[in-house]
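S.K.: Prediction below, plus the sequence it came from.
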Amino acid sequence: MQDELLTIGRFARLCRLSVKQLRHYDETGLLAPVRVDAGSGYRYYAPEQARDALTIALLREMDLPLAVIARTLAAEPESRAQILRAERDRLAERISRDQTRLEMLERLAEGGLPGYEVTIGRERERRLSVVRADCSPAGIGEKVEECVGRLLPVLGKAGIAWEPPLWALYPLDLEEGMEIAVGVQTLEGQGPPGLRLEALPGGLAAETVHIGPYTQLPLAYNALFAAIHERGLRPQAPVREAYLVGPTEAPQEELMTRLIIPVQESMA
């Protein structure tokens with residue numbers, strides 16, 4: 001058995017890794033040598049450990065967490081594939097978020113902070129038939145689509161007419177586990193069973209209109225909240241988005257979204 005083992009130096013050369021990397025893998029519990037000399041402390045590896053060593057190095061290069069790599073190595077082939085696909089999906093989501101940031105930075109670099117006309121006026125009372133969902137800030141787009149897919153078939157099946165546009169309601173602070181709502185104003189004033197009725201009181205509100213992709217809505221919110229605070233007003237929930245021109249009606253660059261935030265006079 002001793003003759004078949006490789007010193008850490010030989011094993012490192014075989015795997016095209018550094019001795020430092022192998023020691024780190026040992027210290028973190030990812031890849032332990034098959035034998036450690038009690039007297040000298042030298043580490044010895046079996047040739048068949050090379051596959052795991054190379055796999056660890058590859059996954060670390062992809063920035064996978066050590067805990068995920070450990071689970072991947074310990075898993076059966078089918079479970080291993082599921083773990084890696086889950087990491088692939090997380091990576092794809094991160095790439096999508098980064099692409100959105102790149103697009104906004106490019107827009108800012110080309111034209112500076114976009115100019116939005118913010119107006120303060122009276123918003124009328126509305127009663128919306130809504131569906132609700134819990135979501136994270138990163139999952140807003142997906143959850144809104146899901147809510148629309150739940151809402152419209154219920155209205156259609158009940159034969160209830162509704163008045164465009166579609167509305168979405170959000171809390172002031174976008175946090176993990178927040179509740180959002182998507183709804184419409186029905187012509188009868190009430191929705192069918194299974195939908196909740198949301199009463200939106202009228203009153204003072206700040207609003208602006210965003211033209212362009214939904215991914216660039218943060219630019220409009222920046223201008224809207226800045227104008228609210230500059231006027232000494234206090235924003236109130238829920239934040240409302242009205243989709244005047246949606247994805248089924250125009251390309252991304254021509255989408256039109258009305259943003260409304262109820263406000264109160266500051267008591268300070």
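M.R.: That came through fine. Residues are numbered from 1 along each chain as shown.
S.K.: low-scoring stretches of the stretch 51-200 of the chain, by residue?
M.R.: 111-114, 188-192 (pLDDT under 70).
S.K.: mind redoing it with 50?
M.R.: Judged against pLDDT under 50, the stretch 51-200 of the chain has no low-scoring part.
S.K.: That one: strands as residue ranges?
M.R.: Counting by DSSP state E, counting those that start in this stretch, the stretch 51-200 of the chain has strands at residues 119-123, 126-135, 162-170, 178-186, 196-200.
S.K.: The last one pairs with which strands, and in what direction?
M.R.: Right, strand 196-200. In its sheet, strand 196-200 lies beside strand 126-135 (antiparallel), with partners assigned from DSSP bridges.
S.K.: next one: the partner strand to chain centre, how far?
M.R.: Remark: strand 126-135 is offset 20 Å from the chain centroid, using C-alpha atoms, centre = their mean, to the nearest Å.
S.K.: Can you give the contact residues for that strand?
M.R.: If you take C-beta atoms under 8 Å, 6 or more residues apart in numbering as the criterion, strand 126-135 is touched by 142-143, 146-147, 150-151, 154-155, 160, 162, 167, 169, 177-186, 189-192, 195-200, 202. For glycine as for every other residue, the C-beta is placed from the backbone atoms N, C-alpha and C.
S.K.: can you do 6 Å?
M.R.: The contact list for strand 126-135, computed with C-beta atoms under 6 Å, 6 or more residues apart in numbering, reads 143, 147, 150-151, 167, 177, 179-183, 185-186, 191, 195-196, 198-200.
S.K.: Tell me which stretches of the stretch 1-150 of the chain form helices.
M.R.: Per DSSP state H, counting those that start in this stretch, the stretch 1-150 of the chain carries helices over the ranges 8-15, 19-27, 50-61, 66-74, 77-111, 140-158.
S.K.: Now tabulate the ones you listed in JSON lines and tack on distance to Glu207 and mean neighbour count.
M.R.: Formatted as JSON lines, the helices of the stretch 1-150 of the chain follow (distance: least, C-beta to C-beta, whole Å; neighbours: other C-beta atoms under 10 Å):
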{"stretch": "helix 8-15", "distance to Glu207": "61", "mean neighbour count": "17"}
{"stretch": "helix 19-27", "distance to Glu207": "55", "mean neighbour count": "15"}
{"stretch": "helix 50-61", "distance to Glu207": "48", "mean neighbour count": "16"}
{"stretch": "helix 66-74", "distance to Glu207": "45", "mean neighbour count": "15"}
{"stretch": "helix 77-111", "distance to Glu207": "21", "mean neighbour count": "12"}
{"stretch": "helix 140-158", "distance to Glu207": "19", "mean neighbour count": "15"}
